[in-house]
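Peer 1: 3D, please:
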Amino acid sequence: MRDLTHPDIDRFRLRTPQVLAAYGGYGDEGNGVFQIMFHSQRLYVIASDGGGWDHVSVSAYRRCPTWDEMSHVHRMFIGDLPAMQLHVPIAQHVNVHPHTLHLWRPQMALIPLPPLNMV
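Peer 2: Residues are numbered from 1 along each chain as shown. This next block holds a predicted model:
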């Protein structure tokens, strides 16, 4: 994950009483809550780097984020490293918000990529 204290990202960090109450702080270089605008759409982003994974949750209001929105957040928070959206077994679904999508990146392993001619 990119350094979330970098001014290009940190300027979008939410520093509200709600964030402070929910998380006990406003985050650091690998964690935080952000509100960004992309083509006039407000997106809420929660980024974390615990447990050996970089994790970025992206929510839009009244709908799931689009591919372009997810791509923008990916570049902004993860950079040019591969990340993935996972489809896990139904028994493992956790749905806290109906309009949230997630990006995942293991910190200690490479994500295998298909051959370029298959992409």
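
Peer 1: for this protein, longest helix please?
Peer 2: Criterion DSSP state H: the longest helix present in the chain is helix 67-77.

Peer 1: Tell me which residue is most central in the chain.
Peer 2: Val56 (1.9 Å; CA atoms, centre = their mean).

Peer 1: for that one, phi and psi?
Peer 2: Note on Val56: backbone dihedrals following degrees, to the nearest 10 are phi -130, psi 120.

Peer 1: Could you find the closest non-adjacent residue to it?
Peer 2: Leaving aside its chain neighbours, Val56 sits nearest to Leu103 (4.3 Å; criterion: CB to CB, 6 or more residues apart in numbering). C-beta here means a position set from N, CA and C on the backbone, and glycine is covered the same way.

Peer 1: To what extent is Met108 buried, counted in neighbours?
Peer 2: Using other CB atoms under 10 Å, Met108 is surrounded by 6 other residues.

Peer 1: ok, now Pro89?
Peer 2: So Pro89, with other CB under 10 Å, has 6 neighbours.

Peer 1: One more: the one 10 residues further on?
Peer 2: Other residues lying near His99 total 13 when counted by other CB under 10 Å.

Peer 1: can you give me the strands in this protein?
Peer 2: Ranges of strands in the chain, per DSSP state E, are 32-38, 41-48, 53-60, 100-106.

Peer 1: I'd like these as CSV, with mean pLDDT and distance to Pro112 appended.
Peer 2: Below are these laid out as CSV (pLDDT from 0 to 100; distance: least, CB to CB, whole Å):
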stretch, mean pLDDT, distance to Pro112
strand 32-38, 97, 29
strand 41-48, 97, 23
strand 53-60, 97, 16
strand 100-106, 96, 11
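
Peer 1: Noted, bye for now.
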